[in-house]
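A.B. asks: Dropping a prediction and its sequence here:
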Amino acid sequence: MAGQKPRLLPDEPKLGRPTVRARFHVPDESLHAASRVNYSKLVTVEHNVPVFIVGSVLDEDFELMYNSVDADWEQRTFRKRRRPGPEVQEGKAEGR
């Protein structure tokens, strides 16, 4: 929330990205202390799905959030993954 510094939960590892501040538009709304943003898990919300907007990221932190999303997606896209699979030995294919 705006004006509050983030606090880590007991035994929580250091956060991977800088924190962003939010301002609530709905009186008496709050977030649970364990609420976190997963920048690498974006979801499309269709136009006909009802949503309840409780607030927004502060304008001065929007670029910070935007850059964090880009950094997570870039890291996710270019991360080398080893996929398990049968080892194929050259020249030992069936029928050869």
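C.D. replies: That came through fine. Since the model is a prediction, treat every value here as computed from it, not as a measurement.
A.B. asks: Please make it C-alpha for all contacts and neighbour counts, starting now.
C.D. replies: Noted.
A.B. asks: Tell me how many other residues crowd Met65.
C.D. replies: 20 (other Cα atoms under 10 Å).
A.B. asks: low-confidence ranges in this structure?
C.D. replies: 1-4, 78-96 (pLDDT under 70).
A.B. asks: Distance check, Val69 against Phe52.
C.D. replies: 22 Å (Cα to Cα, to the nearest Å).
A.B. asks: of these two, who's got more company?
C.D. replies: Val69 (19 against 6).
A.B. asks: Please name the nearest non-neighbouring residue to the more buried one.
C.D. replies: Tyr39 (5.0 Å; Cα to Cα, 6 or more residues apart in numbering).
A.B. asks: and the one you found, how many residues sit next to it?
C.D. replies: So Tyr39, with other Cα under 10 Å, has 16 neighbours.
A.B. asks: Just the helices from this protein, written as ranges.
C.D. replies: In the chain, the helices defined using DSSP state H lie at 59-78.
A.B. asks: which stretches of it form strands?
C.D. replies: Assigned by DSSP state E, the chain shows strands spanning 22-24, 55-57.
A.B. asks: which residues touch the residue nearest to Val69?
C.D. replies: With contacts defined as Cα atoms under 8 Å, 6 or more residues apart in numbering, Tyr39 is in contact with 68-69, 72-73.
A.B. asks: TSV for those, including distance to Val26?
C.D. replies: Listed next are the contacts of Tyr39 as TSV, based on distance: Cα to Cα, whole Å:
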residue	distance to Val26
Ser68	26
Val69	25
Asp72	30
Trp73	31
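A.B. asks: Tell me the one of those residues nearest Leu9?
C.D. replies: Of all the contacts of Tyr39, Leu9 sits closest to Ser68, with 21.2 Å by Cα to Cα.
A.B. asks: correct me, but that closest one touches Thr19?
C.D. replies: No. Using Cα atoms under 8 Å, Ser68 makes no contact with Thr19, being 9.6 Å away.
A.B. asks: The two: which has the busier surroundings?
C.D. replies: Ranked by neighbour count (other Cα under 10 Å), Ser68 and Thr19 place Ser68 first, with 20 against 15.
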